[in-house]
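*Asks:* structural data only, the sequence is not supplied:
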């Protein structure tokens, strides 16, 4: 009887100890979970703090180190970036040895080129393809523009790209204006982002991808890159290096429109055919991303339309527009061509010419070109500011919103129509 009572008491004590132990284990696990959560919060806080510090440093250095007008740069390196040999990177260092301001990821440099047999300097804009955090040099990657299809041997290829590829050598000096452009990544956003590149449109969005990696950003980022085949793809290793740095966060999808027999799917590329929003939907969880697009105008036009149809707000769709073939919506001018056969009087005061402009003449810059009036220009899409011209009388209507507003009394005539009779200081 006594033995039974002892056994029963022991079992009761053992049960109490087990219950206490279970409670203790639960408390210990709870403490460990809280510690892990606190550790993750601390890591996230430190990461976010580091990103904010880097953003502040970029803003400070941009303000302190930027320059006005032209600055001399030396070509310190040239490197072919694709098998076809028509994309070449140019690494530039300041000839004066001074420090360089960081740029916003996606911006471009404006070059003033002294090309032989040209009546004056040729101004062109090329996107920066390197990391915005690179302190000692800039990089632009330029595709040599071929002659138009079916053109005869007497028709040359791209004037400025041909000069960069064929004439400009390492150690040569070029005139460069400070980084500029309204097409750039929103560095203050924490939303996931989709970067879309077609051909050499790779350059500004690659710079964005590099910023996300180099700054320690925790944003989810997808990089969709469309080319014809392995002969055309450029800077593939740099894209893959970013993806490999964090495969849970950074992703790339390579699309070949015309893969050759040597192109291996799954190794050289991921998807055959053309890059469409339907292709993107295979990889994206939703349309809740910020989209940045740069590529040939037909590709950009189609992609913007498809994204809108998918329900992506216009405010989340950003794209680069260089050259007159812009995909931005054109606003109708109401003042011009009020009646058939009528036009608008445009006076170029310095040239001493008074001419009649009609809508068919295009922008004021195109109108000036057609009438032998030379006005410096670069991007021809309202981005670089090179064509800014004083308006002495009258006003203009913009076909597309310029990247930045010109000073009062001036206009960016590459994207402008006259809004009634006008006089320009040109």
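*Replies:* That came through fine. These figures come from a predicted structure and were not determined experimentally.

*Asks:* and the strands in the stretch 251-400 of the chain?
*Replies:* Secondary structure of the stretch 251-400 of the chain (DSSP state E, counting those that start in this stretch): strands at 271-272, 290-294, 317-319, 344-348, 353-357, 388-393, 396-398.

*Asks:* looking at those strands, which is buried most?
*Replies:* Comparing those by mean neighbour count (mean count of other CB atoms under 10 Å), strand 290-294 comes out on top with a mean of 24. Where you see a C-beta, it was placed from the backbone N, CA and C, and this is true even at glycine.

*Asks:* tell me which strands that strand pairs with, and in which orientation.
*Replies:* strand 193-198 (parallel), strand 317-319 (parallel) (DSSP bridges).

*Asks:* and what about residue 238, helix, strand or coil?
*Replies:* Taken by DSSP: H, G, I helix; E, B strand; the rest coil, the conformation at residue 238 corresponds to helix.

*Asks:* in terms of mean pLDDT, which of the strands paired with strand 290-294 ranks lowest?
*Replies:* Mean pLDDT per stretch puts strand 317-319 lowest among the strands paired with strand 290-294, at a mean of 92.

*Asks:* can you report how many residues neighbour residue 229?
*Replies:* When neighbours are defined as other CB atoms under 10 Å, residue 229 has 18 of them.

*Asks:* coming back round to it: using a markdown table, lay out the strands paired with strand 290-294 together with distance to residue 99.
*Replies:* Shown next, in a markdown table, are the strands paired with strand 290-294 (distance: least, CB to CB, whole Å):
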| stretch | distance to residue 99 |
| --- | --- |
| strand 193-198 | 28 |
| strand 317-319 | 29 |
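
*Asks:* nearest to residue 179 among the strands of the stretch 251-400 of the chain would be which one?
*Replies:* strand 290-294 (16.0 Å; CB to CB).

*Asks:* can you list contacts of that closest one?
*Replies:* Contact with strand 290-294 is made by 106, 127, 183, 185-186, 189, 191-198, 201-205, 208, 300, 303-304, 307, 312, 316-320, as judged by CB atoms under 8 Å, 6 or more residues apart in numbering.

*Asks:* one more time with 6 Å, if that's ok
*Replies:* For strand 290-294, the surrounding residues in contact (CB atoms under 6 Å, 6 or more residues apart in numbering) are 191, 193-197, 201, 204-205, 300, 303, 307, 316-320.

*Asks:* against residue 276, how distant is the closest residue to residue 258 other than its chain neighbours?
*Replies:* Nearest residue to residue 258, sequence neighbours excluded (CB to CB, 6 or more residues apart in numbering): residue 228, at 4.6 Å. Between residue 228 and residue 276 the computed distance is 16 Å (CB to CB, to the nearest Å).

*Asks:* kindly report the same for residue 390.
*Replies:* Residue 390 is 45 Å from residue 276, where distance means CB to CB.

*Asks:* could you do residue 125 as well?
*Replies:* 28 Å.

*Asks:* ok, the spatially closest residue to residue 356 that is not a sequence neighbour - contacts?
*Replies:* Of all residues not flanking residue 356 in the chain, residue 343 sits nearest, at 4.1 Å (CB to CB, 6+ apart). By CB under 6 Å, 6+ apart, the contact set of residue 343 is 356, 357, 358.

*Asks:* burial count for the last one?
*Replies:* If I follow you right, that is residue 358. Neighbours of residue 358 (other CB under 10 Å): 13.

*Asks:* the nearest residue in space to residue 280 that is not next to it in sequence pairs with what?
*Replies:* What sits nearest to residue 280 in space, not counting adjacent residues and going by CB to CB, 6+ apart, is residue 224, at 6.3 Å. On the basis of DSSP bridges, residue 224 is bridged to residue 196, residue 253.

*Asks:* isn't residue 224 up against residue 198?
*Replies:* No. With contacts counted by CB atoms under 6 Å, residue 224 stays clear of residue 198, the gap being 9.1 Å.

*Asks:* and stretch 222-234, how far from the chain's centre?
*Replies:* Between the centre of stretch 222-234 and the centre of its host chain there is 16 Å, according to CA atoms, centre = their mean, to the nearest Å.

*Asks:* er, stretch 393-405 I mean
*Replies:* Relative to the centre of its chain, stretch 393-405 is centred 23 Å away, using CA atoms, centre = their mean.

*Asks:* cool, and stretch 176-193?
*Replies:* On CA atoms, centre = their mean, the centre of stretch 176-193 falls 7 Å from the chain's centre.

*Asks:* what does stretch 412-426 give?
*Replies:* Worked out by CA atoms, centre = their mean, stretch 412-426 lies 29 Å from the chain centre.

*Asks:* buried set for it?
*Replies:* 412-420, 422-424, 426 (16 or more other CB atoms under 10 Å).

*Asks:* in a markdown table: the residues you listed, plus secondary structure, pLDDT and distance to residue 398.
*Replies:* Converted to a markdown table, these look like this (DSSP: H, G, I helix; E, B strand; the rest coil; pLDDT from 0 to 100; distance: CB to CB, whole Å):
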| residue | secondary structure | pLDDT | distance to residue 398 |
| --- | --- | --- | --- |
| 412 | strand | 92 | 8 |
| 413 | helix | 93 | 10 |
| 414 | helix | 90 | 10 |
| 415 | helix | 90 | 6 |
| 416 | strand | 92 | 6 |
| 417 | strand | 93 | 8 |
| 418 | strand | 95 | 11 |
| 419 | coil | 93 | 10 |
| 420 | coil | 93 | 15 |
| 422 | strand | 96 | 14 |
| 423 | strand | 96 | 18 |
| 424 | strand | 96 | 15 |
| 426 | coil | 94 | 18 |
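
*Asks:* and of the residues you listed, the nearest to residue 78?
*Replies:* residue 414 (29.7 Å).

*Asks:* distance of the closest one relative to residue 365?
*Replies:* 4 Å.

*Asks:* if anything else comes up later, I'll come back, but that's it for now.
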